[in-house]
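Participant: sequence-free structure coming up:
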Ligand code: E4P
């Protein structure tokens, strides 16, 4: 499963892209509204940083206006994927954008029936929001499983787990066979943490320091490598 970052913050993408784990990014109007600066500049910069698909969302509700906004967003960068909210108008807009060669991420999909329509309209990604389902006491794991099973192994649309609130949402999405999970920076940071990793690093460092001559040896080895590569 690929990991995207779910954010409107260029600084957050800059920080986390350096880990080398991001394959793309998703934004939405709410995320971009929290940031300073022009949204187009942010989307372009995020495209450069992740060098992969970056979703930018349309806000109109009728198909014609969605298509116009989608074409404009796609013009920002070749890596832009147009995010279209699920509705009959959204399906019409998706079909038209796709026939122009513009990839679509259909968002706000909450059922297998909606996912089937999304895939038939030609969307590249079907975004199912796990956290928002759990918020209203609908089992997000069951819904994502039903979407994955319904679209089947030969599916053309990729299942994208969104509204990820904690690391287990991402783990569940991967186990269910989602192609992508889009994860907020805060949750990506929570995925780093394990108390045994932290105590393990401290113990290795302390044991190494108990043999200062080993520290000397490693520094020498690094210097030799650096000299040889000059
Ligand atoms: C997906 O692409 C959305 O941007 C996002 O995951 C929504 O998450 P939220 O429910 O935490 O707002």
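Facilitator: Perfect, I can see it now. Worth saying up front: this structure is predicted, and the values here are computed from it rather than measured. Numbering: from 1, shown residues only.

Participant: only C-alpha atoms for contact and neighbour calcs from this point on.
Facilitator: Noted.

Participant: check the residue in the chain that the ligand sits nearest to and give its pLDDT.
Facilitator: Nearest to the ligand, among the residues of the chain, is residue 163, at 3.4 Å (Cα to the nearest ligand atom). The per-residue pLDDT reported for residue 163 equals 98.

Participant: cool, residue 203 as well?
Facilitator: 98.

Participant: and the helix or strand containing it, how far out from the chain middle?
Facilitator: Here residue 203 is covered by helix 195-209, with elements defined by DSSP states H and E. Relative to the chain's own centre, helix 195-209 is displaced by 32 Å; criterion: Cα atoms, centre = their mean, to the nearest Å.

Participant: residues in contact with it?
Facilitator: Counting contacts by Cα atoms under 8 Å, 6 or more residues apart in numbering, the residues outside helix 195-209 that touch it are 214-215.

Participant: how about residue 2: what's its closest non-neighbour residue?
Facilitator: Using Cα to Cα, 6 or more residues apart in numbering and skipping residues adjacent in sequence, the residue nearest residue 2 is residue 180, 4.6 Å away.

Participant: so where do the strands sit in this structure?
Facilitator: Taking DSSP state E to define them, one finds strands in the chain at 2-6, 24-26, 54-57, 80-85, 104-109, 125-129, 158-162, 180-183.

Participant: next, format the ones you listed as JSON lines and append distance to residue 206.
Facilitator: Supplementary listing: the strands of the chain in JSON lines, determined by distance: least, Cα to Cα, whole Å:
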{"stretch": "strand 2-6", "distance to residue 206": "34"}
{"stretch": "strand 24-26", "distance to residue 206": "38"}
{"stretch": "strand 54-57", "distance to residue 206": "43"}
{"stretch": "strand 80-85", "distance to residue 206": "47"}
{"stretch": "strand 104-109", "distance to residue 206": "49"}
{"stretch": "strand 125-129", "distance to residue 206": "44"}
{"stretch": "strand 158-162", "distance to residue 206": "41"}
{"stretch": "strand 180-183", "distance to residue 206": "34"}
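
Participant: TSV for those strands, including mean neighbour count?
Facilitator: As requested, these are arranged in TSV below (neighbours: other Cα atoms under 10 Å):
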stretch	mean neighbour count
strand 2-6	24
strand 24-26	27
strand 54-57	28
strand 80-85	28
strand 104-109	26
strand 125-129	27
strand 158-162	26
strand 180-183	26
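
Participant: specify the beta-bridge partners of the residue nearest to residue 2.
Facilitator: With DSSP bridges as the criterion, the beta-bridge partners of residue 180 are residue 2, residue 160.

Participant: get me the contact residues on this protein for the ligand.
Facilitator: Where proximity means Cα under 6 Å from any ligand atom, the interface of the chain facing the ligand comprises 6, 26-28, 131-132, 162-163.

Participant: run the last query once more with 5 Å
Facilitator: Proximity of the chain to the ligand (Cα under 5 Å from any ligand atom) is limited to residues 28, 162-163.

Participant: model confidence for residue 229, exactly?
Facilitator: So, for residue 229, pLDDT stands at 88.

Participant: please disregard the earlier target; I meant residue 139.
Facilitator: Residue 139 carries a pLDDT score of 98 in this model.

Participant: next: residue 25.
Facilitator: Model confidence at residue 25, expressed as pLDDT, equals 98.

Participant: spit out the contact partners of residue 97.
Facilitator: If you count contacts by Cα under 8 Å, 6+ apart, then residue 97 has 67, 70-71, 103-104 around it.
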